[in-house]
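Participant: How does the following fold in three dimensions:
(one chain, ligands or ions: 1)
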Amino acid sequence: MGTREELEKEVKASAAEIEKVAAGEVYWCPNCESELAEHEIKEGVCEYGLGTCPNCDNDVEVMGMYDHLGDPLDVNYIVEKSGDVKAGRVYLAIGGPNIWIDTEIKSVVGHWGATRIEAALSDSACVAVNDVLENWFEYV
Ligand SMILES: [Zn+2]
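Facilitator: Numbering: from 1, shown residues only. Below you'll find the model as predicted:
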(Lines give C-alpha, C1' and ligand atoms only; values in the text may rest on other atoms or scores of the structure.)
Protein backbone atom coordinates (compact mmCIF):
# COMPACT_ATOMS: atom_id res chain seq x y z
CA MET A 1 0.00 0.00 0.00
CA GLY A 2 1.25 3.42 -0.71
CA THR A 3 -0.36 4.98 -3.70
CA ARG A 4 -3.60 6.74 -4.46
CA GLU A 5 -4.39 4.00 -6.97
CA GLU A 6 -4.10 1.28 -4.34
CA LEU A 7 -6.35 3.18 -1.93
CA GLU A 8 -8.89 3.76 -4.71
CA LYS A 9 -8.82 0.06 -5.59
CA GLU A 10 -9.41 -0.97 -1.99
CA VAL A 11 -12.24 1.54 -1.46
CA LYS A 12 -13.97 0.49 -4.68
CA ALA A 13 -13.56 -3.21 -3.86
CA SER A 14 -15.09 -2.64 -0.41
CA ALA A 15 -18.05 -0.79 -1.93
CA ALA A 16 -18.55 -3.48 -4.59
CA GLU A 17 -18.53 -6.21 -1.94
CA ILE A 18 -21.12 -4.35 0.16
CA GLU A 19 -23.37 -4.01 -2.91
CA LYS A 20 -23.05 -7.73 -3.63
CA VAL A 21 -23.91 -8.64 -0.04
CA ALA A 22 -26.88 -6.22 -0.05
CA ALA A 23 -28.11 -7.84 -3.27
CA GLY A 24 -27.87 -11.32 -1.72
CA GLU A 25 -25.22 -12.41 -4.21
CA VAL A 26 -22.56 -13.63 -1.79
CA TYR A 27 -22.58 -17.20 -0.50
CA TRP A 28 -20.64 -18.36 2.50
CA CYS A 29 -20.23 -21.13 5.00
CA PRO A 30 -20.88 -19.78 8.51
CA ASN A 31 -19.07 -22.79 9.99
CA CYS A 32 -15.62 -22.34 8.42
CA GLU A 33 -16.31 -18.74 7.29
CA SER A 34 -15.32 -19.41 3.67
CA GLU A 35 -16.80 -17.22 1.00
CA LEU A 36 -17.87 -19.45 -1.87
CA ALA A 37 -18.46 -18.88 -5.56
CA GLU A 38 -21.58 -20.57 -6.89
CA HIS A 39 -19.58 -23.24 -8.75
CA GLU A 40 -17.69 -24.19 -5.57
CA ILE A 41 -20.84 -25.13 -3.67
CA LYS A 42 -21.39 -28.88 -3.44
CA GLU A 43 -24.81 -30.27 -4.20
CA GLY A 44 -26.50 -31.62 -1.15
CA VAL A 45 -29.71 -31.58 0.79
CA CYS A 46 -29.72 -28.74 3.25
CA GLU A 47 -32.07 -26.39 4.99
CA TYR A 48 -31.52 -23.45 2.66
CA GLY A 49 -31.42 -25.46 -0.57
CA LEU A 50 -28.17 -23.88 -1.67
CA GLY A 51 -25.87 -26.85 -1.16
CA THR A 52 -23.04 -27.66 1.18
CA CYS A 53 -19.54 -26.33 1.83
CA PRO A 54 -16.68 -28.08 -0.05
CA ASN A 55 -14.42 -27.58 2.99
CA CYS A 56 -16.56 -28.76 5.88
CA ASP A 57 -19.93 -30.05 4.52
CA ASN A 58 -21.85 -27.44 6.51
CA ASP A 59 -24.90 -25.82 4.86
CA VAL A 60 -24.07 -22.87 2.63
CA GLU A 61 -26.03 -19.67 3.27
CA VAL A 62 -26.52 -16.32 1.59
CA MET A 63 -24.28 -13.88 3.43
CA GLY A 64 -26.20 -11.19 5.29
CA MET A 65 -24.88 -7.68 5.97
CA TYR A 66 -24.58 -8.56 9.65
CA ASP A 67 -22.27 -11.46 8.74
CA HIS A 68 -20.28 -9.35 6.31
CA LEU A 69 -19.60 -6.51 8.73
CA GLY A 70 -18.71 -8.99 11.47
CA ASP A 71 -16.91 -7.42 14.39
CA PRO A 72 -15.72 -4.04 13.07
CA LEU A 73 -12.68 -2.13 14.31
CA ASP A 74 -14.86 0.78 15.33
CA VAL A 75 -18.32 2.24 14.75
CA ASN A 76 -19.64 5.81 14.97
CA TYR A 77 -23.38 6.42 15.22
CA ILE A 78 -25.42 9.41 14.14
CA VAL A 79 -28.38 9.37 16.48
CA GLU A 80 -31.52 11.49 16.17
CA LYS A 81 -33.01 13.41 19.08
CA SER A 82 -35.58 10.63 19.38
CA GLY A 83 -32.77 8.15 20.03
CA ASP A 84 -33.11 6.42 16.66
CA VAL A 85 -30.00 5.69 14.63
CA LYS A 86 -30.09 7.76 11.45
CA ALA A 87 -26.75 6.73 9.94
CA GLY A 88 -23.22 5.90 10.90
CA ARG A 89 -19.69 4.92 10.09
CA VAL A 90 -18.29 1.40 10.16
CA TYR A 91 -14.50 1.31 10.12
CA LEU A 92 -12.94 -1.30 7.84
CA ALA A 93 -9.32 -0.18 8.26
CA ILE A 94 -7.62 2.11 10.77
CA GLY A 95 -4.06 3.31 11.12
CA GLY A 96 -2.51 2.93 7.67
CA PRO A 97 -5.18 4.09 5.37
CA ASN A 98 -8.44 4.74 7.20
CA ILE A 99 -11.37 3.21 5.35
CA TRP A 100 -14.96 3.39 6.52
CA ILE A 101 -18.51 2.94 5.36
CA ASP A 102 -20.44 6.20 5.81
CA THR A 103 -24.18 5.76 5.39
CA GLU A 104 -24.87 9.47 5.90
CA ILE A 105 -23.04 10.39 2.70
CA LYS A 106 -23.80 6.96 1.18
CA SER A 107 -20.22 6.10 0.39
CA VAL A 108 -17.21 4.07 1.32
CA VAL A 109 -14.49 6.59 2.20
CA GLY A 110 -10.76 6.01 2.14
CA HIS A 111 -8.47 8.55 3.76
CA TRP A 112 -4.71 8.50 3.78
CA GLY A 113 -2.58 11.55 4.38
CA ALA A 114 -3.88 14.20 2.01
CA THR A 115 -5.65 11.67 -0.19
CA ARG A 116 -9.36 11.08 0.10
CA ILE A 117 -11.29 8.63 -2.07
CA GLU A 118 -15.03 8.01 -2.07
CA ALA A 119 -17.01 5.24 -3.74
CA ALA A 120 -20.78 5.69 -3.82
CA LEU A 121 -23.14 3.18 -2.21
CA SER A 122 -26.70 2.51 -3.34
CA ASP A 123 -29.70 3.36 -1.17
CA SER A 124 -30.43 -0.34 -0.68
CA ALA A 125 -26.88 -1.05 0.50
CA CYS A 126 -27.11 1.84 2.99
CA VAL A 127 -30.47 0.59 4.26
CA ALA A 128 -28.91 -2.83 4.88
CA VAL A 129 -25.94 -1.30 6.73
CA ASN A 130 -28.22 1.01 8.74
CA ASP A 131 -30.28 -2.02 9.82
CA VAL A 132 -27.11 -3.54 11.26
CA LEU A 133 -26.15 -0.24 12.93
CA GLU A 134 -29.58 -0.03 14.59
CA ASN A 135 -29.18 -3.57 15.82
CA TRP A 136 -25.69 -2.94 17.23
CA PHE A 137 -26.76 0.33 18.83
CA GLU A 138 -29.17 -1.55 21.07
CA TYR A 139 -26.10 -3.07 22.72
CA VAL A 140 -23.98 0.10 23.01
ZN1 LIG B 1 -17.38 -24.70 5.55
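Participant: roughly how far is the helix ranked longest in the chain from the heart of the chain?
Facilitator: Longest helix of the chain, by residue count under DSSP state H: helix 4-22. For helix 4-22, the gap between its own C-alpha mean and the chain's C-alpha mean amounts to 10 Å (CA atoms, centre = their mean, to the nearest Å).
Participant: Glu76 touches Arg89, doesn't it?
Facilitator: In this structure residue 76 is Asn, not Glu. Yes. Applying CB atoms under 8 Å, one finds Asn76 in contact with Arg89, separated by 4.2 Å. (Each C-beta comes from the backbone N, C-alpha and C, glycine too.)
Participant: residue contacts, the residue lying closest to Asp123 once chain neighbours are set aside?
Facilitator: For Asp123, ignoring the flanking residues on the chain, the nearest one in space by CB to CB, 6 or more residues apart in numbering is Lys106 at 7.2 Å. By CB atoms under 8 Å, 6 or more residues apart in numbering, Lys106 lies in contact with 120-123, 126.
Participant: now those: which count as buried?
Facilitator: Among the contacts of Lys106, those scoring as buried are 121, 126 (criterion: 16 or more other CB atoms under 10 Å).
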